[in-house]
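1. any chance you can model this:
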Amino acid sequence: MDRKHMEELIYQALETELGGVQVYATAIRCAQNDELKEEWTKYHEQTQNHVQIMKGVCEQLGLDLEKETTGRTIVRMKGKALVKAMETALESGEPDAAQIVAAECVVDAETKDHMNWELIGMIAEKSHGEERTVLKEAHDQVEDEEDEHLYHTMGWTRELWIKSLGLPAVLPPPEEEKDVKTAIGAARAKQERSKMLGSRGGHKKAAAK
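-> Next up is the predicted model:
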């Protein structure tokens, strides 16, 4: 195990979570759909907890919480750029467009976050002693939540775009209704959207009668 790069990953993971708190706080301001706003509010709270978990990891492994690395600085810059993009979208005066921008920004942030935790899980498997315990406990607490953050928001982003194009959309998305937590589950949920559209259409026609 390359200790230097392992520490770099942990520092970047901490910075990603810190930036994620700001990304979600801004995304919530952009949300027009009540269910999406509720979902992002939950994710915002979970991400705040992830910050504390990562700080605990650093402290238990003897890492300096304030240490700056080039990679950490870049992660912070990218997070600020996502926040700025959403703020610019809000200023445009087009709420629906800003909501889509926010969804895309959340997906961007969560793609990095999801990869961080996947790698931390791999490190935990190859580690020993206290280091293994610390990393595994952190990974086990966060993994399912991170999967949900990424795959559910990807579904929201796709369906919001479809709606904006004037095409039939599934809202909330299949990924949410199926409570997807894996890439395979996300693919299966996406395949189910046509059936879900047909089912919802049938319900609407029955209600109209």
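
2. what comes up buried for the longest helix along the chain?
-> Longest helix of the chain, by residue count under DSSP state H: helix 129-164. Buried residues in helix 129-164, defined by neighbour count with 16 or more other C-beta atoms under 10 Å: 131, 134-136, 138-139, 142-143, 145-160, 162-163. Just so you know, the C-beta spots here come from the backbone N, C-alpha and C atoms, and that holds for glycine as well.

3. how far off centre is it?
-> 6 Å (C-alpha atoms, centre = their mean, to the nearest Å).

4. stretch 54-72 now?
-> On C-alpha atoms, centre = their mean, the centre of stretch 54-72 falls 21 Å from that of its chain.

5. next one: stretch 168-175
-> Relative to where its chain is centred, stretch 168-175 has its mean C-alpha point 18 Å off (C-alpha atoms, centre = their mean).

6. endpoint to endpoint, that stretch covers what distance?
-> 16 Å (C-alpha to C-alpha, to the nearest Å).

7. correct me if wrong: R72 contacts Y11.
-> Yes. Judged on C-beta atoms under 8 Å, R72 makes contact with Y11 at a distance of 4.7 Å.

8. compare those two (neighbour count), which wins?
-> Y11 (22 against 19; other C-beta atoms under 10 Å).

9. which pLDDT value goes with the more buried one?
-> For Y11, the pLDDT comes out at 98.

10. now swap in G201 and tell me
-> pLDDT at G201 comes out at 52.

11. same check on the one 5 residues further on?
-> At A206 the predicted local distance difference test score is 29.
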